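Asks: What shape does this take:
(one chain, ligands or ions: 1)
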Amino acid sequence: MPKIKVCGLTRPEEAGMLARNRIEYAGMVLFYPKSKRNITVKRAAEILMVLPEEIHSVAVTVSPTPEQAEILQELGFHYLQVHGELRKDTIDVCRIPILRAYNITKAPVSAEEHEAIAGYVLDGAIPGSGKPFDWELNQKLPFDRTGRLFLLAGGLNEDNVAEGIHCFHPDIVDISSSVEGDSGKDEKKIRRFAEAVRQTATNRNTNNENIEK
Ligand SMILES: O=C(O)c1ccccc1NCC(=O)[C@H](O)[C@H](O)COP(=O)(O)O
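Replies: Numbering: from 1, shown residues only. As a prediction, this is how the structure comes out:
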């Protein structure tokens with residue numbers, strides 16, 4: 001069963017929503033003012049303060065500079081997620097694992113290889129837009145998964161997540177838009193999404209039992 005990452009936290013009370021629903025990863029968008037989910041370093045520190053230690057924290061960035069990466073790892077984030085450009089000088093200062101994210105348009109992705117890259121995120125063309133990439137055309141993953149995490153992102157919701165899991169077998173399913181309300185993350189939506197993910201595993205086990213009978 002894949003783990004779940006809820007991305008784009010903006011308020012400390014959302015940490016409790018994740019804990020109560022046994023969500024394993026929490027993403028926060030920083031240094032990207034174009035995003036409606038962009039938060040300040042101060043706000044990220046407030047959220048990290050109340051986020052249970054067992055939830056992995058992910059700083060979500062676009063083309064981060066070495067100085068920004070340094071601030072984020074000093075804050076205590078467990079992972080640095082990088083959209084846009086992954087700079088060599090940023091890799092050089094990074095002591096936390098990198099999740100390399102690709103926004104899939106029509107052009108094929110050519111995945112970078114580096115030992116600092118702990119996982120890959122395949123995301124929609126516009127991150128955080130709630131729109132998936134073309135799953136049909138991207139069935140073959142553009143990287144070797146061995147020893148690395150694979151996160152499926154982009155437009156996932158409680159209705160399509162079972163199909164996404166079936167198509168890609170991701171280690172982590174990554175969501176944002178579909179679990180939001182007017183003022184940020186919505187606990188009822190998070191619960192329903194988590195139930196849909198866990199139900200997928202239950203259905204698979206039941207199907208396997210039926211096949212074995
Ligand atoms: O969420 C954003 O606004 C964002 C901005 C810039 C870079 C990345 C961003 N989000 C990254 C994520 O990991 C989202 O969870 C992912 O894009 C899925 O979002 P959604 O399609 O809304 O479920």
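
Asks: Does residue 99 touch residue 116 like I think?
Replies: No: with contact defined as Cβ atoms under 8 Å, residue 99 does not reach residue 116; the gap is 10.4 Å. For every residue, glycine as well, the C-beta is placed using N, CA and C.

Asks: quick one: which of the two has more around it?
Replies: Taking neighbours as other Cβ atoms under 10 Å, residue 99 and residue 116 compare with residue 99 leading, 27 against 16.

Asks: Double-check that that one belongs to a helix.
Replies: No: assigned with DSSP: H, G, I helix; E, B strand; the rest coil, residue 99 falls outside any helix and is strand.

Asks: what's the spacing between residue 174 and residue 164?
Replies: Distance, residue 174 to residue 164, using Cβ to Cβ, to the nearest Å: 10 Å.

Asks: ok, now residue 27?
Replies: In terms of Cβ to Cβ, residue 27 sits 17 Å off from residue 164.

Asks: Neighbour count: the two, which is higher?
Replies: residue 27 (26 against 22).

Asks: Can you give me the pLDDT of the closest residue to the more buried one other than its chain neighbours?
Replies: Ranked by Cβ to Cβ, 6 or more residues apart in numbering and with sequence neighbours excluded, the top spatial neighbour of residue 27 is residue 7, at 3.4 Å. pLDDT recorded at residue 7 is 98.

Asks: Give me every residue in this protein lying close to the ligand.
Replies: 7-8, 27, 29, 32, 35, 37, 60, 62, 83, 123-124, 127-130, 153-156, 174-178 (Cβ under 6 Å from any ligand atom).

Asks: Using ChimeraX, define a selection of the buried residues within those.
Replies: Remark: buried members of those, expressed as a ChimeraX selection using 16 or more other Cβ atoms under 10 Å:
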select :7,8,27,29,32,35,37,60,62,83,123,124,127,128,153,154,155,156,174,175,176,177,178
